[in-house]
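1. Sequence below, structure please.
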Amino acid sequence: MQPPAALDNAKEANTRSAIRAGSEEASFVEVIVATPVAGRFTYRSNQKHLERGAIVAVPFGRRSELGLVVSEPSKVALGDVAAERIRDVEHRFETPPLKAELVDFILWVARYTCSPPGGVLRLVLRSRGAIEPPPLATWYRRAETLPELRLTPSRERVLAIASDGLARHPQALAEEAGVSRAVIKGLIASGVLSGELRRADAPPPKPDLLLNAPKLSAAQEHAASTLKSAVEANAHMTFLLDGVTGSGKTEVYLEAIEAALKAGRQALVLVPEIALTQQFLARFEARFGCPPTLWHSDITSLERRKAWRAATEGTASVVVGARSALFLPFAKLGLIVVDEEHDQSYKQEDVLLYNARDMAIVRARLAGVPVILASATPSLESDVNARAGRYKRLSLPQRHGGAHEPKVATIDLRRTPPERGKFLSPPLVAALRETLERKEQSLLFLNRRGYAPLTICRACGHQLVSPHASTWLVEHRFLNRLVCHQTGFWMPKPDKCPACGTPDSLVACGPGVERIEEEVRALFPEARIEVVSSDLLHGPTAAQQFFEAMRAGEIDILIGTQIVAKGHHFPNLTLVGVVDADLGLTGGDLRAAERTFQLLHQVGGRAGRAERPGRVLLQTYMPEAPVMRALASGERDAFLLEQASEREAAMMPPFGRLASVILSGRAEADTLVFGRKLIEAAPQSDQVRIFGPAVAPIALVRGRHRARLLVKAPRNFNLSAYMSAWLDEMKEPAGLRFQIDIDPYSFL
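-> Next comes the predicted model:
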């Protein structure tokens, strides 16, 4: 793509005049713009100190866009560029330039994922308000000379707080003293509080490094000492913190964070789910006396701006966030932690397709700092890398504080099936009853939201599907809706079949968590029963309130989806029942067995985390399957070695490379034809195999038909370069689109 043509004739005339005056000494820079277009664009530098990493505004087409300078200013000979087409940088923002390591990271991610660099830059510059000068406000402190004033208890509280000499925002002062804004306004008007103009947003509180650290076990102490030494050395290394559930991995990497803070550097902690941030907050506050800076989709735009500025100014000592926090402009990054590193949520599946775990390792390498991958069930990729010596494994093989791992057993549903129309087997029902009698808590796990996954007409057999996707509509009885989990479409449940018109003929097939709740309430009407899933908990605050109720013992039986599977500590939870352990093994996904093991091991790990022993019951029709045997025996390492052997024989990841080309169009036939044309244009290579086009398992999404090409290559093959050489210049016909997914995780 050529640089945007000049739109202003006067500017062009000025340019020609400058050329005649001998502007061969003019300074030029390369800029990427924060919009998903390929390429770098040349602009004339009319700003002082326009170094690499500077954030600028540039004319782009008919608009002004944010941009990032990715080259040092240079003198360009007139013959090298069409000088009359080059436009001036409009504005340089006062925010500090992005560090070289972040600029390099942006360009690296773009190359690796075959994405426009401007699309990656958009993740960094999420808010234009963050790079504008921060707003100013009047802050108040206690006046040196106090006028005579009648002191009420409210006023005395304000003055007691203000006597420390620190200036505060009026709202903060009111909240800290527990008074109304009117009290503060009165003290300002009387001259008791004197004001000064300063930034409206206060810097985040500083962690207290003198608070007492928790007592660590010998294994924890060894792991923590190794991590602290790496942080103090300020050199890149990847650690796999491999500890069983409840072994105290968080306490270990908090020690590494403390080492980074003592060295005057910042730390980033990535978590896969927003709900998990609340748990980490409590543990962080207990350890350091203040909360970390948060970054996720549920924070407000104001909080987002404050967090971005605090990261780039270095005042955000620790940032905890979802995968996009990886793109924050840290001033002095010293450590990255990826908690639950195996979690599939780290894979971004929309717009820019990337795996935050893998990109975290790259960012740490470019910054020259350690990265910690923490998990009780490491991904096969991380396990293989640790065995090969590319990562250093730190093991925590036992639960902290004397607790033992739960006993795991399978329930063969072929031998002890549930009653007709029910989903809980007699052994699981008996275990629930025993747990209730002991006044302990139980968790029933089913990774399926709603009441039932399929609604069908018993008169004509019609299945209700989404109008815009090839997926069933899931009944959510709590909401009285039929919902498409792929597109978000929903509708009230009809009173009659939309196909044959028979009234009251629609019946639910299969269980969701709401249907399990119905069964449990009938069995145990006296029990306190709650359901938790992502569609019932709106935001981290709601999740925190719910899990606090569970920890307080206000719930007897919890029924939940994967939102309850990881990170939670419920001291009185002693029984975990998995309603359908086979659910994740369908669909032909190469990671199906690995994911099933990780998920069920994690959810089983919620049981018996305190002094009371725990047990896990897995309802399955395939107790002889390797993943079920591994879960019941606890032989995780043998299972991972078996999985690795199968993948290596097939040259599949992590022993081979995959890329996916996702095609979509209004007509299925046109989409497949386009896929075949793409294959015909592929560069020839005896190291690459291309499969497809094949209709995707979810063939229709938002009215567009989907198909896939799968590209397979050896592990050391530069697949990103191959895909770019193949597809960068391909034109998308009208109504047809394609997207590249390097290292795909989802094949739906």
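2. Stretch 85-103 spans what distance, first to last residue?
-> 26 Å (Cα to Cα, to the nearest Å).
3. got the buried residues for it?
-> 86-90, 92-93, 95, 97-99, 101-103 (16 or more other Cβ atoms under 10 Å). C-betas here are computed from N, CA, C, even on glycine.
4. Let me have these in JSON lines, extended by distance to residue 308, secondary structure and pLDDT.
-> Shown next, in JSON lines, are these (distance: Cβ to Cβ, whole Å; DSSP: H, G, I helix; E, B strand; the rest coil; pLDDT from 0 to 100):
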{"residue": "86", "distance to residue 308": "31", "secondary structure": "coil", "pLDDT": "85"}
{"residue": "87", "distance to residue 308": "28", "secondary structure": "coil", "pLDDT": "89"}
{"residue": "88", "distance to residue 308": "27", "secondary structure": "strand", "pLDDT": "89"}
{"residue": "89", "distance to residue 308": "22", "secondary structure": "coil", "pLDDT": "91"}
{"residue": "90", "distance to residue 308": "21", "secondary structure": "coil", "pLDDT": "91"}
{"residue": "92", "distance to residue 308": "18", "secondary structure": "strand", "pLDDT": "91"}
{"residue": "93", "distance to residue 308": "12", "secondary structure": "coil", "pLDDT": "91"}
{"residue": "95", "distance to residue 308": "9", "secondary structure": "coil", "pLDDT": "89"}
{"residue": "97", "distance to residue 308": "15", "secondary structure": "coil", "pLDDT": "93"}
{"residue": "98", "distance to residue 308": "12", "secondary structure": "coil", "pLDDT": "95"}
{"residue": "99", "distance to residue 308": "14", "secondary structure": "coil", "pLDDT": "95"}
{"residue": "101", "distance to residue 308": "17", "secondary structure": "helix", "pLDDT": "96"}
{"residue": "102", "distance to residue 308": "13", "secondary structure": "helix", "pLDDT": "97"}
{"residue": "103", "distance to residue 308": "16", "secondary structure": "helix", "pLDDT": "97"}
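5. and which of these is nearest residue 143?
-> Nearest to residue 143 out of the buried residues of stretch 85-103 is residue 95 (Cβ to Cβ; 34.6 Å).
6. That closest one: what's it in contact with?
-> Neighbour list for residue 95: 55, 130-131, 309, 312 [criterion: Cβ atoms under 8 Å, 6 or more residues apart in numbering].
7. ok, 10 Å please
-> 54-55, 125, 130-134, 308-309, 312-313, 329 (Cβ atoms under 10 Å, 6 or more residues apart in numbering).
8. Next: residue 574.
-> 406, 431, 434-435, 438, 440-443, 606-610, 612-615.
9. Let me know the closest of the buried residues of stretch 85-103 to residue 531.
-> residue 102 (42.6 Å).
10. do you know how far residue 346 is from residue 379?
-> 10 Å (Cβ to Cβ, to the nearest Å).
11. what residues do the two have in common as contacts?
-> Common neighbours of residue 346 and residue 379 (Cβ under 10 Å, 6+ apart) are 355, 357.
12. Longest strand in the protein, please.
-> Criterion DSSP state E: the longest strand present in the chain is strand 689-701.
13. can you tell me the average pLDDT over that one?
-> Per-residue pLDDT values across strand 689-701 average out to 86.
14. per-domain residue ranges of this structure.
-> Listed domain ranges for the chain are 9-125, 136-199, 218-400, 403-448+511-644, 656-742 (source: automatic domain parsing).
15. Of those domains, flag the one that's most buried.
-> domain 218-400 (a mean of 21; mean count of other Cβ atoms under 10 Å).
16. now that domain, how far from the chain's geometric center?
-> Distance of domain 218-400 from the chain centroid (Cα atoms, centre = their mean, to the nearest Å) equals 12 Å.
17. ok, now stretch 594-604?
-> 19 Å.
18. how about it as CSV, C-alpha atoms only?
-> What follows is stretch 594-604, C-alpha atoms only, in CSV (Å, rounded to 0.1, in the frame of the first residue of the first chain):
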residue,chain,number,x,y,z
GLU,A,594,-5.4,-33.1,27.2
ARG,A,595,-8.1,-30.5,27.8
THR,A,596,-10.4,-33.0,29.4
PHE,A,597,-7.7,-34.1,31.8
GLN,A,598,-6.8,-30.5,32.6
LEU,A,599,-10.4,-29.4,33.2
LEU,A,600,-11.4,-32.4,35.3
HIS,A,601,-8.2,-32.4,37.3
GLN,A,602,-8.6,-28.7,38.0
VAL,A,603,-12.3,-29.0,39.1
GLY,A,604,-11.5,-32.1,41.2
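19. now the domains of the chain in CSV, with distance to residue 650?
-> Converted to CSV, these look like this (distance: least, Cβ to Cβ, whole Å):
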stretch, distance to residue 650
domain 9-125, 24
domain 136-199, 57
domain 218-400, 13
domain 403-448+511-644, 8
domain 656-742, 8
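20. and of the ones you listed, who's closest to residue 499?
-> domain 656-742 (18.4 Å).
21. okay, how far is it across that closest one, tip to tip?
-> Taking Cα to Cα, domain 656-742 runs 12 Å from one end to the other.
22. just the helices in the stretch 251-400 of the chain please.
-> Using DSSP state H, counting those that start in this stretch, the helices of the stretch 251-400 of the chain run over 274-288, 301-313, 356-367, 380-387.
23. any idea which helix or strand comes after the host helix or strand of residue 648?
-> Taking DSSP states H and E as the definition, residue 648 sits inside helix 636-650. The helix or strand immediately downstream of helix 636-650 is strand 656-665, counting by DSSP H and E.
24. got the angle for whichever helix or strand comes after that following strand vs strand 689-701?
-> Next in sequence after strand 656-665, counting helices and strands by DSSP H and E, comes helix 668-680. When axes from the mean of the first three to the mean of the last three Cα atoms, to 10 degrees is applied, the directions of helix 668-680 and strand 689-701 differ by 160 degrees.
25. who's in contact with helix 668-680?
-> 661, 663-665, 667, 690-696, 699-700, 704-709, 711, 726-727, 730, 732-738.
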